[in-house]
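A.B. asks: Build me a model:
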Amino acid sequence: GRVREWMGVSTDITAHQRLEDELRASEERFRLTFEQAAVGIAHVGFDGRWLLVNPKLCDIVGYAQEELLVQTLHAVLMPDDLSTAFTDAQRLITGEQQTYARELRFRRKDGVLVWVNLTVTLVRNQAGWPLYFLAIAEDVTARKQAEQQRQLNQLKDQFILHMNHELRTPLTSLLGSLDLLRMQQGRLDAASQAQFLETAISSCGELLQLVNSVLDALTITEQMIPPQGEEIAVASLVRDVLEHLDPGEEQVDRLSLDIPDRLTVWANEQLLRQVLRNLLSNAFKYCPKPAPVVVSAAPIDRDEREAHFAPSVCISVQDAGPGIPPEELPLLFQQFTRLKRDLSGQAGGSGLGLYISK
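C.D. replies: Numbering: from 1, shown residues only. Model (predicted):
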């Protein structure tokens, strides 16, 4: 019953212990990186559910972690951005791309919109099977606001530059005509008086049109009530717009209509009239005489893939003007934008007509 001797076997586990220590250290580094990162980090399931979120992401969207984990990525994305995000996710799953980065908008819990630079990649296992999406969200709202402010400042400078020229021209003509009438009162014949009055009235019309363009542009930036539509005969409306153009622009003999008399559209008459007036005014302003200005309209043919869209009509205004340089085409519909050649030319304008039309 007495123990005479004992035997033991020892195994060197230094390497194994070192691996475990390194693994724990690596996990701790990941945890600290994940929790203290200056950007939002998340694991997202294929159904859009948040699987894992870090504190910074919670801070960006304004939700507590437990609140966010019962929601989906789709719930915080703006509806306009959903289709883009869905398409990009499909491309990651099919392997068409490895990662994507886009600037999208999140809606915080308090309703405030935040801009984020969202970078997403698909995490796969060693066999290549997809596991989840890894999403990194950087709050770029401050940069976006700075860009918007810079654009506003540029628009303000452009506005002052354009208005300085566009207001001075008719004002100078108006004041000059009225001053001559005052100084030459009683010494001018009826024809001369009528000419000076006509010049003054025309200058007032230019000023009124300029002010109306500015007011229209400002109205577009506000929340607009959807316009009421009605059935409109296109050819009749074009002729009516032409009759009400300024006398210097009304040139019926140059206008060629290629519009079926029975062609009608469903639109808001006031807005469509404004668009046509801007397009026709530009055409007569820049098209050299006696070249014609052609207004055409026809239904748009759609293939089977577009059959579910409502029928549409294409209305076009074609002229033989100098055209638009390709490098300036992207600026065409921006506020207070005029072509470089026009800034020093004789043709005036506020740079708002096409912006309002669009």
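
A.B. asks: Is it correct that Ala38 is in contact with Pro55?
C.D. replies: No. Contact criterion Cβ atoms under 8 Å: Ala38 and Pro55 do not qualify, at 10.8 Å. To be clear about C-beta, it is placed using only N, CA and C from the backbone, and glycine gets the same treatment.

A.B. asks: Show me which of these two is the more surrounded one.
C.D. replies: Pro55 (15 against 7; other Cβ atoms under 10 Å).

A.B. asks: Not counting its neighbours along the chain, what's nearest that one?
C.D. replies: Setting aside the residues directly before and after it, Pro55 is nearest to Glu35 in space (Cβ to Cβ, 6 or more residues apart in numbering), at 5.9 Å.

A.B. asks: Let's verify that neighbour: helix, strand, or coil?
C.D. replies: With DSSP: H, G, I helix; E, B strand; the rest coil as the basis, the three-state label of Glu35 is helix.

A.B. asks: give me the number of residues near it?
C.D. replies: Applying other Cβ under 10 Å, we find 11 residues neighbouring Glu35.

A.B. asks: Equivalent analysis for the one 5 residues further on, please.
C.D. replies: Residues lying near Gly40 (other Cβ under 10 Å) number 22.

A.B. asks: Repeat that for the one 10 residues further on.
C.D. replies: Neighbour count for Trp50, taken as other Cβ under 10 Å: 24.

A.B. asks: Assign the residue lying closest to Leu122 once chain neighbours are set aside to helix, strand or coil.
C.D. replies: Closest residue in space to Leu122, ignoring its immediate chain neighbours: Leu92 at 4.3 Å, by Cβ to Cβ, 6+ apart. Following three-state DSSP, Leu92 is assigned to helix.

A.B. asks: ditto for Glu147
C.D. replies: With three-state DSSP as the criterion, Glu147 reads helix.

A.B. asks: The one 10 residues further on too?
C.D. replies: Assigned with three-state DSSP, Asp157 falls in the helix class.

A.B. asks: who does the longest strand along the chain touch, helix- and strand-wise?
C.D. replies: When the chain is parsed with DSSP state E, its longest strand is strand 113-124. Judged by 3 or more Cβ pairs under 8 Å, 6 or more residues apart in numbering; DSSP states H and E, strand 113-124 is in contact with strand 40-44, helix 55-61, helix 79-94, strand 99-107, strand 130-139, helix 141-183.

A.B. asks: Kindly recompute the last result at 7 Å.
C.D. replies: Applying 3 or more Cβ pairs under 7 Å, 6 or more residues apart in numbering; DSSP states H and E, one finds that strand 113-124 contacts helix 79-94, strand 99-107, strand 130-139, helix 141-183.

A.B. asks: Just send those back as TSV, with mean neighbour count and mean pLDDT too.
C.D. replies: Below are the helices and strands packed on strand 113-124 laid out as TSV (neighbours: other Cβ atoms under 10 Å; pLDDT from 0 to 100):
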stretch	mean neighbour count	mean pLDDT
helix 79-94	13	89
strand 99-107	16	92
strand 130-139	18	94
helix 141-183	13	76
